[in-house]
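> This is a predicted model, with the sequence first.
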Amino acid sequence: MTAKFIVIEGLEGAGKSTAISICQQFLTQHNVDFVNVREPGGTPLAEQLRDLVKANHQEQIASETELLIMYAARAQLVNNVIRPALNNGQWVLGDRHDLSSQAYQGGGREIEQTTLKALSDIVLKGLKPDLTIYLDIEPSIGLARAKGRGELDRIEQEALSFFERTRAQYLNLANNDDSIKTVNANQTMAQVHNDIITVLEQFMQSNN
Ligand code: TMP
């Protein structure tokens, strides 16, 4: 099997970290050599961009600035980590990727699809995850969980309506792309765990 690119997506508090642990365990059990990445971030420069975009600033951050920082960080990660790993036969397990920009900047910030498409064409040059697991959570539940973890960053402080638009966009995109599997993250941990394993097993079988 050629190296695959698997991504976990979802709103804050959807349970991405747990889902990533489940995937890591699954891949290890299947003797898959993989690297972990996160977005924005995953290279020294991209991690600086992550801190920058998540921090609270005195001045207003324009939606376009936020968008460009996300894609600048993605360009670093794709060129310096993701492509080299895949070319080297290593799988890549991503904590967020381009779908986050489609959902947060496209849905939440209401940036036009044509703008997003232009940027993703420049940065990704056709790179697309083989499998995306989207953890779908009710925004109010996810945000309450995120609040329980400590202080909220700049994006987490957005109004509930921002996350509702982001979720609607995630669902819309997931419904129109077979490589995106939606898992209902409002269920119990055990149910979410089972659903993720089912998706991973189906993915392995379909690529065998
Ligand atoms: P998190 O992955 O730790 O939740 O933090 C990343 C934050 O950045 C989260 O609020 C989602 C947001 N984000 C975007 O708005 N667009 C993007 O393209 C990415 C990768 C993340």
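Sure thing, it's come through. Numbers count the residues shown, from 1 in each chain.

> I'd like to know which elements the longest helix seen in the chain is packed against.
Counting by DSSP state H, the longest helix found in the chain is helix 189-206. Here helix 189-206 touches helix 16-29, strand 131-136, strand 180-184, going by 3 or more C-beta pairs under 8 Å, 6 or more residues apart in numbering; DSSP states H and E. Yep, even glycine has a C-beta here, placed from its N, CA and C like the rest.

> So what does Gly94 look like in phi/psi?
phi -110, psi 140 (degrees, to the nearest 10).

> show me the contacts for it.
5-8, 36-39, 82, 129 (C-beta atoms under 8 Å, 6 or more residues apart in numbering).

> Out of the helices and strands packed on helix 189-206, the one nearest the ligand is which?
Nearest of those to the ligand, taken as C-beta to the nearest ligand atom: helix 16-29 at 6.6 Å.

> sec struct for Asn36, please.
With DSSP: H, G, I helix; E, B strand; the rest coil as the basis, Asn36 sits in strand.

> neighbours around it, how many?
For Asn36, the neighbour count with other C-beta atoms under 10 Å is 13.

> residue contacts, it?
Counting by C-beta under 8 Å, 6+ apart, Asn36 has contacts 20, 24, 93-95.

> Is there proximity between the helix or strand of the chain with the lowest mean pLDDT and the ligand?
The helix or strand of the chain with the poorest confidence is helix 139-148; it has a mean of 93 (mean pLDDT, DSSP states H and E). No. Residues of helix 139-148 are not located near the ligand by C-beta under 6 Å from any ligand atom, the shortest gap being 7.9 Å.

> please renumber so the chain begins at 11
Happy to do that; since the first residue is 11 now, the last one works out to helix 149-158.

> Beyond that helix, next helix or strand please.
helix 170-185 (DSSP states H and E).

> With adjacent residues omitted, what lies nearest to the residue nearest the centre of the chain?
Centroid check for the chain by C-alpha atoms, centre = their mean gives Arg106 as the closest residue, at 1.7 Å. Leaving aside its chain neighbours, Arg106 sits nearest to Glu49 (4.3 Å; criterion: C-beta to C-beta, 6 or more residues apart in numbering).

> Now His107. Nearest residue, chain neighbours left out?
Among residues not flanking His107 along the chain, Val17 sits closest, at 4.5 Å (C-beta to C-beta, 6+ apart).

> what's that neighbour sitting at in phi/psi?
Torsion angles, degrees, to the nearest 10, at Val17: phi -130, psi 140.

> near the ligand, which residues of this protein?
22, 49-50, 80, 106, 110-111, 114-115, 165-166.

> For these, give me CSV that also has secondary structure.
Output for those, formatted as CSV (three-state DSSP):
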residue, secondary structure
Glu22, coil
Glu49, coil
Pro50, coil
Met80, helix
Arg106, coil
Ser110, helix
Ser111, helix
Tyr114, helix
Gln115, helix
Ile165, coil
Glu166, coil
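
> what's the average pLDDT for the longest helix of the chain?
Averaged across helix 199-216, pLDDT comes to 97.

> what's the offset of that helix from the middle of its chain?
Relative to its chain's centre, helix 199-216 lies at 18 Å (C-alpha atoms, centre = their mean, to the nearest Å).
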